[in-house]
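Participant: Take a look and give me a structure for this.
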Amino acid sequence: MATTNISQLRRLVLRKSSDGGTSWSTVTIDQDNLGQDTVMAINVAPRLMTRNSSVASTETPIEGTFDSLSGSITFIPDVWRVLGEALGRWNAATWVGAGTNDGNIIYGDPTNLCGDGQYVSVIAQGVCDDGSTADVELTRCFPSIDDDIEIGTTDAVEVTLNLHPIAYNATLHASDGYPAYTARLGAQDLTKKTRLNVTTGEYDDVSE
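Facilitator: Numbering: from 1, shown residues only. Coordinates of the predicted model:
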């Protein structure tokens, strides 16, 4: 798979497994904060094996291996709160009259770790949100801002949130509470229609 760019996002949901998957804590970035210029780029390319024959050479994917695996989200944040919540580093201001957007992101403070060093599941939903059929999920990511930030040099400040997805390993990840795969494009359950509950982090059944 070549790099795929996904635009017209409806929402992004970052969910962290608690207690081995018995519950989830979630951060939702809604369409109001995403804006029309937000783009999610994913690259999930399997490693290929070349087979030579008297007729021709063929390439087949090697299951469970990746030649490249990456993901990022580039958007124009109205406030730093959006990025802070995604990174697990947002500190709300406490002075009288402080609004919901007032606060800061602090790096280098040992009491303010980035998501406690734990990965999160990142789920992107498109504007045509018919159940989970258009969902894109990277199951284990370590989000971070890995972009140069320039303020005041252009009309808009674009910031890239790199997701740093890691491949599923049955030995290491069997009991971490996250799904037993690396990435998912489409429905979460093929036997019934479901939709992600952004409050609980669970997929709920959808009644027709």
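Participant: for the record, mean pLDDT for the lengthiest helix in the chain?
Facilitator: Longest helix in the chain, counting residues (DSSP state H): helix 81-87. Averaging pLDDT along helix 81-87 gives 84.
Participant: Check which helices and strands that helix is in contact with.
Facilitator: Applying 3 or more C-beta pairs under 8 Å, 6 or more residues apart in numbering; DSSP states H and E, we find helix 81-87 packed against strand 23-30, strand 90-92, strand 103-105, strand 144-145, strand 159-162. All C-beta spots, glycine's among them, are computed from the backbone N, C-alpha and C.
Participant: what's in contact with that helix?
Facilitator: Applying C-beta atoms under 8 Å, 6 or more residues apart in numbering, the contact partners of helix 81-87 are 12, 14, 27, 29, 33, 75, 77, 90-91, 100-101, 103-105, 114-115, 143-145, 159, 161.
Participant: Give me the buried entries from the residues you listed.
Facilitator: Buried subset of the contacts of helix 81-87 (neighbour count, 16 or more other C-beta atoms under 10 Å): 12, 14, 27, 29, 33, 75, 77, 90, 103, 105, 114-115, 143, 145, 159, 161.
Participant: and which of these is nearest residue 96?
Facilitator: Using C-beta to C-beta, residue 103 comes nearest to residue 96 of the buried ones among the contacts of helix 81-87, at 14.7 Å.
Participant: contacting residues around the closest one?
Facilitator: Contacts for residue 103 (C-beta under 8 Å, 6+ apart) come out as 80, 81, 84, 90, 91, 92, 93.
Participant: same thing but 6 Å
Facilitator: Residues in contact with residue 103 (C-beta atoms under 6 Å, 6 or more residues apart in numbering) are 90, 91, 92, 93.
Participant: what's the last one in contact with, if anything?
Facilitator: Right, the one you point to is residue 93. 102, 103.
Participant: That one and residue 102, how far apart?
Facilitator: According to C-beta to C-beta, to the nearest Å, residue 93 stands 4 Å off from residue 102.
Participant: for the helices and strands packed on helix 81-87, which one sits closest to residue 171?
Facilitator: strand 23-30 (23.4 Å).
Participant: Following element in sequence after that closest one, please.
Facilitator: Using DSSP states H and E, the helix or strand that follows strand 23-30 in sequence is helix 31-34.
Participant: what about dumping the CA coordinates of the following helix or strand past that next one to CSV?
Facilitator: Per DSSP H and E, the first helix or strand lying C-terminal to helix 31-34 is strand 39-52. Extracted in CSV, the C-alpha atoms of strand 39-52 (Å, rounded to 0.1, in the frame of the first residue of the first chain):
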residue,chain,number,x,y,z
VAL,A,39,-5.1,15.3,6.7
MET,A,40,-4.2,11.9,8.1
ALA,A,41,-1.5,10.0,6.2
ILE,A,42,-1.0,6.3,6.8
ASN,A,43,1.4,3.8,5.2
VAL,A,44,0.9,0.1,5.9
ALA,A,45,3.1,-1.7,3.4
PRO,A,46,3.9,-5.4,3.9
ARG,A,47,7.3,-6.8,3.2
LEU,A,48,7.3,-8.7,0.0
MET,A,49,8.9,-12.0,-0.9
THR,A,50,10.1,-12.5,-4.5
ARG,A,51,9.6,-15.8,-6.2
ASN,A,52,11.4,-16.6,-9.4
